[in-house]
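**Student:** could you look at this predicted model? Sequence included:
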Number of protein chains: 2
Amino acid sequence: MSIEIERKFLVKSDNFKKQSFQKKQIKQGYLNTNKNRNVRVRITNNSAYITVKGKSNASGTSRFEWEKKIDVKDAEKLLLLCEPSIIDKTRYLVKRGKHIFEIDEFFGDNQGLIIAEIELDAEDEKFDKPNWLGKEVTGNVKYYNSSISKHPFKNWS
Amino acid sequence: MSIEIERKFLVKSDNFKKQSFQKKQIKQGYLNTNKNRNVRVRITNNSAYITVKGKSNASGTSRFEWEKKIDVKDAEKLLLLCEPSIIDKTRYLVKRGKHIFEIDEFFGDNQGLIIAEIELDAEDEKFDKPNWLGKEVTGNVKYYNSSISKHPFKNWS
């Protein structure tokens, strides 16, 4: 159980791929998506989790989060029960000073969308901005994975 | 992970209380309630669980269910995040032949409502009907705890 503080950005180029020290496949779905809370089921490599996220604060930077490891087989059954559609993405990790960027490249209905996130200890904490980092979209609900799952990138105007 | 087969009844008298061999307090809330699935957080005595239930079959007797034990402290935080309102009830267990009836007596906004459930191995399995057992309400969505949480008994017409 924690309060997540993070900022989110679009990504301008795929230079981040050369800088990445870890890469993993993620499949995730939502048992519900609601502005007040969502319940996510995620399978990544050979692990699975159920995660509950609360509403963001006014600035969109921090949010209640609770996560519990579950069996991959259970997660597979739960994904079948999730709202359409399931999100399929590759997550790259890039270290930059004391911070780690998580960069998600989406596939399927979200092909073309790449989003970078950085977790911070405080809302005003400074961090290096790599040259591939684009426009900030922190707090923009449209870029939440829970929204993307309902309104995939291919339908954005 | 399992498919639950159960039948549900109203309760006509509180004779079941004398027959009960176990009694526990239950507090539960829903992170979402939807006809296709719901996610429940429950605290009972000193244990807590997160449970995902799927849609019922046509007869309303069987339903996908997945449950995971979680920390009571986590459950208390998650209850704060749930949709209004939290359900507060006492569950009595009554043994009858090879079956066990779970009888829920509700409090707060649901005071006056008492529901009995019996879990079966097959949809057509026979079982003894005690004299306190009333009208069958199996499959009636109105009597789902997830519905009761949204539309409490005191507002029923």
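**Tutor:** That came through, no problem. Numbers count the residues shown, from 1 in each chain, chains lettered A, B, ... in the order given.

**Student:** what about the closest residue to chain B within chain A, distance to B:L81?
**Tutor:** Proximity to chain B, evaluated over chain A using Cβ to the nearest Cβ, is greatest for A:N32 at 3.2 Å. Just so you know, the C-beta spots here come from the backbone N, C-alpha and C atoms, and that holds for glycine as well. Separation of A:N32 from B:L81 (Cβ to Cβ, to the nearest Å): 12 Å.

**Student:** compare these two (neighbour count), which wins?
**Tutor:** A:N32 (23 against 17; other Cβ atoms under 10 Å in any protein chain shown).

**Student:** hang on, the more buried one in a strand?
**Tutor:** Yes: the assignment for A:N32, made by DSSP: H, G, I helix; E, B strand; the rest coil, places it in a strand.

**Student:** skip the chain neighbours and tell me the closest residue to it.
**Tutor:** Take A:N32 and drop its neighbours on the chain: the residue closest to it by Cβ to Cβ, 6 or more residues apart in numbering or on different chains is B:N32, 3.2 Å away.

**Student:** for the one you found, report the pLDDT, please.
**Tutor:** On pLDDT, B:N32 comes in at 90.

**Student:** bridged to it, which residues?
**Tutor:** B:V39 (DSSP bridges).

**Student:** so what does the helix ranked longest in chain A touch, helix or strand wise?
**Tutor:** If you go by DSSP state H, chain A has its longest helix at helix A:72-81. When contacts are defined as 3 or more Cβ pairs under 8 Å, 6 or more residues apart in numbering or on different chains; DSSP states H and E, helix A:72-81 packs onto strand A:20-34, strand A:37-44, strand A:47-56, strand B:47-56, strand B:62-70.

**Student:** try it again with 10 Å
**Tutor:** The contact analysis (3 or more Cβ pairs under 10 Å, 6 or more residues apart in numbering or on different chains; DSSP states H and E) places helix A:72-81 against strand A:20-34, strand A:37-44, strand A:47-56, strand B:37-44, strand B:47-56, strand B:62-70.

**Student:** list the buried ones in that helix?
**Tutor:** Of the residues in helix A:72-81, A:D74, A:A75, A:L78, A:L79, A:L81 count as buried by neighbour count, 16 or more other Cβ atoms under 10 Å in any protein chain shown.

**Student:** that one vs strand B:62-70, what angle?
**Tutor:** 130 degrees (axes from the mean of the first three to the mean of the last three Cα atoms, to 10 degrees).

**Student:** identify the residues contacting helix A:72-81?
**Tutor:** A:27-31, A:39, A:41-50, A:69-71, A:86, B:1, B:36-37, B:39, B:52-55, B:64, B:66-68 (Cβ atoms under 10 Å, 6 or more residues apart in numbering or on different chains).

**Student:** again, only this time at 7 Å
**Tutor:** A:27, A:29, A:31, A:41, A:43, A:46-48, A:86, B:1, B:37, B:52, B:54, B:64, B:66 (Cβ atoms under 7 Å, 6 or more residues apart in numbering or on different chains).

**Student:** looking at those, which one is closest to A:E117?
**Tutor:** Within these, proximity to A:E117 (Cβ to Cβ) peaks at A:K27, which comes in at 18.0 Å.

**Student:** do I have it right that that closest one meets A:K89?
**Tutor:** No: counting by Cβ atoms under 7 Å, A:K27 sits too far from A:K89 to count as a contact (8.2 Å).

**Student:** so the two - more neighbours on which side?
**Tutor:** Shown here are A:K27 and A:K89; by other Cβ under 10 Å, A:K89 has more neighbours (23 against 16).

**Student:** any idea how far that one is from B:E65?
**Tutor:** According to Cβ to Cβ, A:K89 stands 29 Å off from B:E65.

**Student:** buried ones in whatever helix or strand A:K17 lives in?
**Tutor:** Assigned by DSSP states H and E, A:K17 falls within helix A:16-19. Residues of helix A:16-19 classed as buried under the neighbour-count rule (16+ other Cβ under 10 Å) are A:F16.
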